[in-house]
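Student: quick one, fold the following:
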Amino acid sequence: MRQTYFTLGRIQAEKKELQYSVDLFQQMNTQYQRQADLKNVPKAEFFRLQTELIGLQKERIELENDEIEAINQLRLLTQNQELNTDDIDFTLFNHHSKSIPLNIKQLAKEQNIELKRQENEINIAEKQLVLEKAERTPDLAFQVAYDRGGGIMRDFVGFGVSMDLPIFNTNKGNIKAAEISIKQEKLNKTAASFELDNTIDRLQNQINQLDKALVQWKNMNNDEQLMMIDNYKKHLQNRQVTLLEFIDFIQAYRESQQAYLDLLETYQNTFEELNYIVGQDF
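Tutor: As a prediction, the model looks like this:
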């Protein structure tokens, strides 16, 4: 559910960035169409601008479809069919540089679901060994028989004892199998613990690398980038840059914003994966 939430958060941020570009190119498309009709600009430039706008509109439709899929998934997980994106606070999506406990491996060994399951398997195997050892002595069964003899014969009352054969079978085979099962389950637990440590190391390293990249990206002033877009637009109007140079700059800006949002979503999902294998939120 949380990963779906973060996916939806990324979609909302991406829609906002995309809408800025759509609005910009819609405004320019209107201007270029008028100028092309007046033959102040080549028709080819108007068609190139129109093509870029159509591409952005197509991306918006695809993003809206992704949004519908994500919100439906979230409705299913929350059992709230009235849930809408306006009802959701996406503040957590932008929060990174989260702290990780120093004793995270110890916490994982105490709370990890897989280790707990393996401990349960060991417990079951040990109880099976106790049961097999209890079966070393053959079971004795006492019997009482009664037969009414009728008028000629006397009534018969008999007593007997029965036991499993062979008498000297001390259940050694099953006991040995139970002991081997305990050893195997303990080896499985050791392997699971080793894999857990490796997974925690991998996720921690990935989180640290992602956080460094996000911090560097955040140091880039987005307001300055938007100001540069305005300056590029003015230079375009003054014919100091070409339309293709302007479009290329906008595409580069959008790619950088997309990369940042993708990194942020990956960071959040990786952090949630770490929470899950540890068995605790932090």
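Student: hey, where'd the strands end up in the stretch 51-200 of the chain?
Tutor: Assigned by DSSP state E, counting those that start in this stretch, the strands in the stretch 51-200 of the chain fall at 140-147, 156-163.
Student: wait, what's in contact with Asp262?
Tutor: Arg10 (Cβ atoms under 8 Å, 6 or more residues apart in numbering). The way it works is simple: take the backbone N, C-alpha and C, and place the C-beta from them, glycine included.
Student: try 10 Å this time
Tutor: Residues in contact with Asp262, defined by Cβ atoms under 10 Å, 6 or more residues apart in numbering, are Arg10, Glu14.
Student: try Ile175
Tutor: Here Ile175 is in contact with Gln128, Leu129, Leu131, Glu132, Lys133, Glu135, Arg136 (Cβ under 10 Å, 6+ apart).
Student: how many neighbours does Glu245 have?
Tutor: 13 (other Cβ atoms under 10 Å).
Student: same check, this time on Lys176
Tutor: Lys176: 12 neighbours (other Cβ under 10 Å).
Student: could you shift the numbering so residue one becomes 47, and keep it that way?
Tutor: Sure thing, new numbering starts at 47, so read that last one as Lys222.
Student: and the nearest residue to Leu109 once chain neighbours are set aside, backbone torsions?
Tutor: Nearest residue to Leu109, sequence neighbours excluded (Cβ to Cβ, 6 or more residues apart in numbering): Lys61, at 5.6 Å. Backbone geometry at Lys61, expressed as degrees, to the nearest 10, gives phi -60, psi -40.
Student: how about Asp135?
Tutor: phi -90, psi 120.
Student: which residues touch it?
Tutor: Tyr51, Gly55 are the contacts of Asp135 under Cβ under 10 Å, 6+ apart.
Student: confidence score at it?
Tutor: For Asp135, the pLDDT comes out at 89.
Student: neighbours of Leu54, how many?
Tutor: Leu54 has 22 nearby residues by other Cβ under 10 Å.
Student: I misspoke; the intended subject was Phe317.
Tutor: Using other Cβ under 10 Å: Phe317 sits among 23 other residues.
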